[in-house]
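Asks: Below are the sequence and a predicted model for it; my questions follow.
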Amino acid sequence: MAEKGQEIEVKFYVGDGSQVQKKLAELGAQLIKPRQHEMNLRFDTPDMQLSRGMRALRLRQDQDIRLTYKGPPLLEGGARLREELEFSVNNFEMAKAFLEALGFQVSVMYEKYRTTYQLFNVEVTFDEMPYGNFVELEGPDGKSLLAVAQMLSLNWSYRCLDSYLMLFENLRRRLGFEFRDLSFENFAGMPIQAVDLGVTLAV
């Protein structure tokens, strides 16, 4: 959405998300991808060299299969800017075996349901995570993200710049979880509040 090889994004904790989805309909947002399940594998070295350097190597499967590298995050216009290199692959298991042959190993699995919209020059995703619902905005610059956030009545002051896995790690420390993966199965029947995540309801 930003310059080629970059992503600029923010996310907001939105409770059930119904107000945001209503606003998207009122504003005529275009549905790009209907709701679909997404499964992600995060890879790292045995000594977690990538995580310690705030970098990420991810294999994702939804209706497509993509391999992604993300560089350390920076701040740009109140949003999070990262180098992002992403391309499609055609065989999930082969890509996983390829990375493992290079010495990488799966450090965490995480999943979500994602619905994707386009509103002007910003991609708006409604993400149903195992621990709650978020809206993520990705666009060319922080000014564009702020403008769309205001259209959707999202409180910019309550934006979250942490990744979903960073929120998960904070949650694990707060609540003493011992499981590794951010899965719906692990969170089944477990009510998680905004205070547990360290976020504030943005709408």
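Replies: Arrived safely.

Asks: Report whether the expected contact of Asn133 with Tyr13 is present.
Replies: Yes. If you go by Cβ atoms under 8 Å, Asn133 and Tyr13 touch, sitting 7.5 Å apart. Yep, even glycine has a C-beta here, placed from its N, CA and C like the rest.

Asks: what about Met94, helix or strand, and which?
Replies: helix 92-101 (DSSP states H and E).

Asks: Likewise for Tyr110?
Replies: Here Tyr110 is assigned to strand 105-119, by DSSP H and E.

Asks: and the angle from that strand to helix 92-101?
Replies: 130 degrees (axes from the mean of the first three to the mean of the last three Cα atoms, to 10 degrees).

Asks: what's the distance between strand 105-119 and the middle of its chain?
Replies: Distance, stretch centre to chain centre, for strand 105-119: 6 Å (Cα atoms, centre = their mean, to the nearest Å).

Asks: Give the pairing partners of the very next helix or strand once past that strand; include direction for each.
Replies: Next in sequence after strand 105-119, counting helices and strands by DSSP H and E, comes strand 122-129. If you go by DSSP bridges, strand 122-129 pairs up with strand 105-119 (antiparallel), strand 132-138 (antiparallel).

Asks: So in this protein, where's the weakest helix or strand by average pLDDT?
Replies: Ranking every helix and strand in the chain by mean pLDDT, DSSP states H and E puts strand 74-76 at the bottom, with a mean of 91.

Asks: Any chance you could list what contacts that strand?
Replies: 8, 80-82, 141-142, 161 (Cβ atoms under 8 Å, 6 or more residues apart in numbering).

Asks: and the two most separated of these?
Replies: Of all pairs drawn from the contacts of strand 74-76, the one with the longest distance (Cβ to Cβ) is Asp141 and Leu161, at 15.1 Å.

Asks: Look up how far Phe134 lies from the residue sitting nearest the centre point of the chain.
Replies: Ranked by distance to the mean C-alpha position of the chain (Cα atoms, centre = their mean), the top residue is Tyr164 at 5.4 Å. Distance, Tyr164 to Phe134, by Cβ to Cβ, to the nearest Å: 8 Å.

Asks: Give me the below-cutoff pLDDT ranges for this protein.
Replies: Residue ranges of the chain with pLDDT under 70: 1-4.

Asks: And the helices in it, which stretches?
Replies: With helices called from DSSP state H, the chain shows them at 18-26, 49-52, 92-101, 142-151, 164-175, 194-197.
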